[in-house]
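A.B. asks: fold the following, please.
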Amino acid sequence: MTAALADHAIEWMKSMQAGSREERVDLLFAYLNTHGQSSYDPSVTQLEHALQTAHLAHQESRQPHLVVSSLLHDIGHLMIDEHDEQRDFLDQDCAHEAVAARALSVFFPTQVVAPVQRHVSAKRLLCSLDETYYAGLSDASKRSFAVQGGELSRSEAMRLLALEGMDDAMTLRRWDDRAKVHGVEVPDLDAYRQVVLNHLL
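C.D. replies: The predicted structure follows:
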């Protein structure tokens, strides 16, 4: 099930579509700052998680498109108001990755959007191929893995492995899993202003 967009997400999309490329960066960062203060995992806010994931991408790959994908990979949670202060949080799969991919595809190329779209499938794929990977997930990630469909069959896993961009999605996924450290200091959003601007359509 794909959840409906929150009113603030609809208004944000309208503003983004009307803005210049430079204004879109400001609007995107303002949206992340305003709506990223809720928590997905008990240890970090959603904004802190995004910044930690982007920082790992910058440190370990230096592939600019993956830095942008990492920064924005969970914006779908914000757009449907999905966070751990809701009583039914993680009771069902709201397909936040599909919400994010649909929105971001208006403003970013496939190279940026595909890893965002596939980072949930990448978790299911990694869990299905590597038992030690599942053991290292946070409690919230284990819960979401279950509601997102759980372990894949071999044929499902092989089909996903063949998709274009799945390697990037699995790489992002491993940074995603590590980016939930309470209190760690990483660069703020302004550190990513130029790389985001460079990738806007």
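A.B. asks: find the centremost residue of this protein, please.
C.D. replies: His73 (1.8 Å; C-alpha atoms, centre = their mean).
A.B. asks: leaving out the residues flanking it, which one is nearest to that residue?
C.D. replies: Val116 (4.9 Å; C-beta to C-beta, 6 or more residues apart in numbering). The C-beta positions use only the backbone N, C-alpha and C, and glycine is treated the same way.
A.B. asks: what sits against that neighbour?
C.D. replies: Counting by C-beta atoms under 8 Å, 6 or more residues apart in numbering, Val116 touches Ser69, Leu72, His73, Ile75, Gly76, Glu97, Ala100, Ala101, Leu104, Leu172.
A.B. asks: and the first one, how far is that from Thr132?
C.D. replies: Between Ser69 and Thr132 the distance is 25 Å, computed by C-beta to C-beta, to the nearest Å.
A.B. asks: what about those two, which has more around it?
C.D. replies: Neighbour count, other C-beta atoms under 10 Å: between Ser69 and Thr132, Ser69 has more, with 32 against 7.
A.B. asks: would you say that one is within a strand?
C.D. replies: No: judged by DSSP: H, G, I helix; E, B strand; the rest coil, Ser69 forms no part of a strand; its state is helix.
A.B. asks: residue contacts, it?
C.D. replies: Ala57, Val112, Val113, Pro115, Val116, Asp168, Leu172.
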